[in-house]
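*Asks:* Would you be able to build a 3D model of this:
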Amino acid sequence: MLAQSVINSMSFYMKDDKGKSIEAINIKMLPRLKQAIIREFEDEREKRVWFIWSNQYNAWWGIKSRGYVTERKKAGRYRYSEALEILRKENSIVEDIPNVTMFRL
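*Replies:* Model (predicted):
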């Protein structure tokens with residue numbers, strides 16, 4: 001949504017050499033568009049539900065990081081930032097094979 005408003009503010013109309021009206025884009029606005037797209041992506045990613053899989057225990061992380069469950073419907077649901085923090089903490093222990101992986105719905 002924000003990205004679309006940035007795109008709308010970037011474009012303008014001008015005449016080509018035959019007098020035909022064409023839409024043009026102000027390329028100086030591209031960094032602003034890039035930031036808007038990144039912000040929208042990050043906002044959307046944070047809204048999604050994420051699950052955490054333990055490679056060590058072959059099970060899903062439980063609710064509130066308590067224990068492990070084999071059925072996904074019983075698994076804990078995490079915001080992106082929570083899941084990412086868990087991955088960073090857990091995967092810092094093992095270098096070659098990650099202890100945990102995260103999945104989204």
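
*Asks:* going on from the top helix by length along the chain, what's the next piece of helix or strand?
*Replies:* If you go by DSSP state H, the chain has its longest helix at helix 30-47. The helix or strand immediately downstream of helix 30-47 is strand 50-54, counting by DSSP states H and E.

*Asks:* Now do the domain split for this structure, please.
*Replies:* 2-45, 48-104 (automatic domain parsing).

*Asks:* mean pLDDT lowest for which of those?
*Replies:* Lowest mean pLDDT within the domains of the chain: domain 2-45, a mean of 72.

*Asks:* All the strands of this structure, residue numbers only.
*Replies:* Counting by DSSP state E, one finds strands in the chain at the ranges 11-15, 21-25, 50-54, 59-61, 68-69, 100-104.

*Asks:* Now mean neighbour count too, for the domains of the chain, in CSV please.
*Replies:* C-beta coordinates here come from the backbone N, C-alpha and C atoms, glycine included. Formatted as CSV, those follow (neighbours: other Cβ atoms under 10 Å):
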stretch, mean neighbour count
domain 2-45, 11
domain 48-104, 15
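
*Asks:* ok, the residue nearest the centre of the chain to Ser81 distance?
*Replies:* Nearest residue to the geometric centre of the chain (Cα atoms, centre = their mean): Arg45, 3.6 Å. Distance, Arg45 to Ser81, using Cβ to Cβ, to the nearest Å: 9 Å.

*Asks:* Show me what the longest helix of the chain is packed against.
*Replies:* helix 2-10, helix 80-91 (3 or more Cβ pairs under 8 Å, 6 or more residues apart in numbering; DSSP states H and E).
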